[in-house]
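**Student:** Pasted the sequence and its predicted model underneath.
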Amino acid sequence: MGKTGYVHSIESFGTVDGPGVRYVLFLQGCGLRCLYCHNPDTWRPSCGKLMDSKQAAADILSYRNFIRTGGVTISGGEPLLQPEFVTDLLERCKKNGIHTAVDTAGSVPLSISKTVIDAADMLLLDIKSLDEKLCKRLTGQGPENTLATLDYCEKTKKRVWLRHVLVPGLTLNKALLEEMADYLQAYTCIELTELLPFHKMGEFKWEELNMEYELGNTPTPSKDELQMVKQIFENYSLPYLLKE
């Protein structure tokens, strides 16, 4: 038997959660309350489908031919909240030659998350904001754990793809983006920064859960705003992917 964990859903042919075609396992539970979250139904812990890591690994391996150009990504929710399950699952996948990634906000202390980070081939690390006040407004929590996670990845030479959501009126701000670009220059572990324009495709889930969606009147980024973002990252010579 392996370790047990709570799973929200599975995508067997994912193309946006790491390199190549990937099996994506979305886990249940998250301590953040992001204003733009498109999966608020994953927030509640200890619900969803209870799975055994041995069982989960067997299902992943059944898709081996389809994910050979990519691998498996453990997402959420926040996968670092279930470290024993995730670590065991990653180790089982790696023993079978499956590339592994963890999609995380790094919002969990390193005392809990180190084993998961060490076991993964790479992290998809979501930085909400470097600004403590803004980060707390966006998520309910400051950025300290996320930045400590990034520092640990730099120390251990862990492969990292960063993610950052561009929200008009909040994170889509020239001064804040220049500050972030300057901050990221110091890290050699970062291979790519994925810049994700804000969208409201998950708004219906908030309505279904009878939750107020504060960003209902927030527009999607304009072409001029996205061009400004591109120019900033090019000026700082940072590798990026803007998902328009």
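**Tutor:** Ah, there it is.

**Student:** Can you pull out the low-pLDDT segments for this protein?
**Tutor:** 244 (pLDDT under 70).

**Student:** what about the strands in it?
**Tutor:** Secondary structure of the chain by DSSP state E: the strands cover 4-14, 22-27, 49-52, 71-75, 100-104, 122-126, 159-166, 190-197, 240-242.

**Student:** who wins for proximity to residue 41 among these?
**Tutor:** strand 4-14 (7.2 Å; C-beta to C-beta). The C-beta positions use only the backbone N, C-alpha and C, and glycine is treated the same way.

**Student:** tell me which residues of that closest one are tucked away?
**Tutor:** 4-10, 14 (16 or more other C-beta atoms under 10 Å).

**Student:** next one: stretch 144-156
**Tutor:** Per 16+ other C-beta under 10 Å, stretch 144-156 contains these buried residues: 145-147, 149-150, 152-153.

**Student:** Report the two of these separated the most.
**Tutor:** So, these by C-beta to C-beta: farthest apart are 145 and 153, at 12.8 Å.

**Student:** can you put the buried residues of strand 4-14 in TSV and add distance to residue 216?
**Tutor:** As requested, the buried residues of strand 4-14 are arranged in TSV below (distance: C-beta to C-beta, whole Å):
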residue	distance to residue 216
4	37
5	33
6	29
7	30
8	24
9	25
10	30
14	28
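
**Student:** Tabulate the CA atom coordinates of stretch 197-214 in CSV.
**Tutor:** The C-alpha coordinates for stretch 197-214 follow below in CSV (Å, rounded to 0.1, in the frame of the first residue of the first chain):
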residue,chain,number,x,y,z
PRO,A,197,-3.5,37.2,-18.6
PHE,A,198,-6.5,37.4,-16.2
HIS,A,199,-9.7,35.7,-17.4
LYS,A,200,-13.1,35.0,-15.8
MET,A,201,-13.7,31.4,-17.1
GLY,A,202,-14.0,30.1,-13.6
GLU,A,203,-16.5,32.7,-12.5
PHE,A,204,-19.4,30.3,-12.8
LYS,A,205,-17.9,28.1,-10.1
TRP,A,206,-18.0,30.9,-7.6
GLU,A,207,-21.7,31.4,-8.5
GLU,A,208,-22.4,27.7,-8.1
LEU,A,209,-20.7,27.8,-4.6
ASN,A,210,-22.8,30.9,-3.7
MET,A,211,-19.5,32.9,-3.3
GLU,A,212,-19.0,36.5,-4.2
TYR,A,213,-16.7,37.0,-7.1
GLU,A,214,-15.0,40.3,-6.4
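
**Student:** Cheers, nothing more for now.
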